[in-house]
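My questions are about this predicted structure, shown below with the sequence.
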2 protein chains.
Amino acid sequence: MPDKEMITVLEAPTREEAAEAVKSALSRRRILMMVGNCWVNYQGRARSILNPGERILIIKEDGSVLVHRPRGYEPVNWQPPGCIFHSGLEGDVLFIKAVRRKPREVLQVFFDKIYFLAAMSLLDKGEFSLHASEEEMQKAIMNQPSLIEDGLRIIAYEKKVEPGFVDVYGVDRDGRLVVIEIKRRTAGKEAVLQLSRYVDSLRGEHGRKVRGILVAPKIARQA
Amino acid sequence: MPDKEMITVLEAPTREEAAEAVKSALSRRRILMMVGNCWVNYQGRARSILNPGERILIIKEDGSVLVHRPRGYEPVNWQPPGCIFHSGLEGDVLFIKAVRRKPREVLQVFFDKIYFLAAMSLLDKGEFSLHASEEEMQKAIMNQPSLIEDGLRIIAYEKKVEPGFVDVYGVDRDGRLVVIEIKRRTAGKEAVLQLSRYVDSLRGEHGRKVRGILVAPKIARQA
DNA sequence: GCCTAGGTCCCGTCA
DNA sequence: TGACGGGGCCTAGGC
């Protein structure tokens, strides 16, 4: 199944072999994975220096770059998609330079030992679906307002008002306007402030009673 | 340089070989990299399903998990450090289950084709230094307040006030309190609101003139 | 443990 | 194009 065209693996390549493979992979927009001893410079929105150590480098076909240390969820250095690459040998060192414009950012990775290198073209058309987002909760409320309160009628959703957005907008059984702000997780004072701004702006606009409801699994101690 | 102990590579392993290598790598807390055809389920703070496709799986020695598609900076599925793993063969499918407690989250990856697999122990003691952060800007201002204004004396930094934090806190040449909010990049209305809340709270507390200064490379059109 | 704020956040959306 | 807010955000620092 992994045919030569699809995936190329080099174990302990020389720097020359690696340099060749890197150039080929980058020019053909193949995915590149490398493991070895490297150091990294970054300059752009900030500046960083990573001293030598053993890491994993991944360059994807869209020109994104990841440098991963042996621990941690996040890459220690990276570049978002759209980079342009330069690579080659500088003495005994294999360098890869990833340049992003807008904003201008340059990432440089230098390898003096390469333990492993793989270049590949992966086919991935699989659909990805994520559930239980704020949007899903909003739909549920739209479909069944009684989840919040009996007699509640939904008028609009994501209706724009002065300071920003309202998630759901309705009228309760006593004819008062109701503004519902949905937070999928613990709501902090940010959310409370946001909602109170909505309510104030609507109260000023309509001159009648307005209620704000915050829908969240939990609320911090600023209730 | 890559000795057998340090890195093990299997090209196109059988599922049985792969299952064995995965179990061994996970139990010995080695880093695992796999490329192949897989699908992924996640359930925890949200829920997600990723249909079959060719991807890269990385499990690090601290128990973090990354599933990367051929494009994009971000992993499509992941698990933060600290996971506990279960793996094995279920019929023709190799599964890896990563469980996190607190919050309870489960990630399951299923492979039906494995193109290659690498298990390794990487040594990375390299220091990482990042410059030009908000912290760095604060230090610069602390050391040389005249950067902001002549006659400015710094009193405190990150002093707590009612609504949250103040970055730097001082007195200007006319004896007025000065609150300095530092943003490393373009400041939006968020930052302005934050600062005005600081100023209000201090004004109420001290009953005297308070000035707010927003330090940022650019400010959005809400100045 | 919860809560808060920053991030080279990234990313989508919309004016 | 910039501005704004969400994210399974993650991560570090207080309390």
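Nice, I can see it.

Look at the residue of chain A most remote from its centre and give its secondary structure.
What lies farthest from the middle of chain A is residue A:174; by Cα atoms, centre = their mean that is 43.1 Å. Under DSSP: H, G, I helix; E, B strand; the rest coil, residue A:174 falls in the coil class.

Just give me how far the lengthiest helix in chain A sits from the chain centre.
For chain A, the helix with the greatest residue count under DSSP state H is helix A:189-206. Taking Cα atoms, centre = their mean, to the nearest Å, one finds the center of helix A:189-206 at 29 Å from the center of the full chain.

which helices and strands sit right next to it?
On a contact count with 3 or more Cβ pairs under 8 Å, 6 or more residues apart in numbering or on different chains; DSSP states H and E, helix A:189-206 meets strand A:160-161, strand A:164-165, strand A:177-182, strand A:210-215. From N, CA and C alone the C-beta is placed, and that goes for glycine too.

looking at those, which is closest to residue B:112?
strand A:177-182 (38.7 Å; Cβ to Cβ).

Identify the residues contacting the closest one?
A:134, A:137-138, A:141, A:148-149, A:152, A:166-172, A:191, A:194-195, A:198-199, A:202, A:206, A:208-216 (Cβ atoms under 8 Å, 6 or more residues apart in numbering or on different chains).

next one: stretch A:7-21
Applying Cβ under 8 Å, 6+ apart, the set of residues contacting stretch A:7-21 is A:34, A:87-89, A:92-94, A:111-112, A:114-121, B:1-2, B:7, B:9, B:11, B:35, B:115-116.

Would you tell me whether stretch A:150-157 gets close to DNA strand D?
No: Stretch A:150-157 does not reach DNA strand D (Cβ under 7 Å from any atom of the strand); its nearest approach is 13.9 Å.

Let me see the mean pLDDT of that stretch.
For stretch A:150-157, the mean pLDDT works out to 79.

want to try JSON lines for the helices and strands packed on helix A:189-206, with mean neighbour count as columns?
Formatted as JSON lines, those follow (neighbours: other Cβ atoms under 10 Å in any protein chain shown):
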{"stretch": "strand A:160-161", "mean neighbour count": "12"}
{"stretch": "strand A:164-165", "mean neighbour count": "12"}
{"stretch": "strand A:177-182", "mean neighbour count": "22"}
{"stretch": "strand A:210-215", "mean neighbour count": "18"}
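
Can you check which of those strands gets nearest to DNA strand D?
With Cβ to the nearest atom of the strand as the criterion, DNA strand D lies closest to strand A:164-165 of those, at 4.3 Å.

is it true that residue A:185 touches residue A:217?
Yes: applying Cβ atoms under 8 Å, one finds residue A:185 in contact with residue A:217, separated by 6.2 Å.

Looking at the two, which one has more neighbours?
Neighbour count, other Cβ atoms under 10 Å in any protein chain shown: between residue A:185 and residue A:217, residue A:185 has more, with 13 against 9.

Would you check how far apart that one and residue B:44 are?
12 Å (Cβ to Cβ, to the nearest Å).

Quick check on the residue most central in space within chain A: phi, psi?
Centroid-nearest residue in chain A, with Cα atoms, centre = their mean: residue A:80, separated by 10.0 Å. Per-residue torsions, residue A:80: phi -70, psi 170 (degrees, to the nearest 10).

quick one: contacts for it?
Contacts of residue A:80 by Cβ under 8 Å, 6+ apart are A:64, A:100, B:73.

The second one: neighbouring residues, count only.
Looking back up the chat, that one is residue A:100. Using other Cβ under 10 Å: residue A:100 sits among 19 other residues.

Over to the last one?
Other residues within reach of residue B:73, judged by other Cβ under 10 Å, total 16.

Nothing else from me, thank you.
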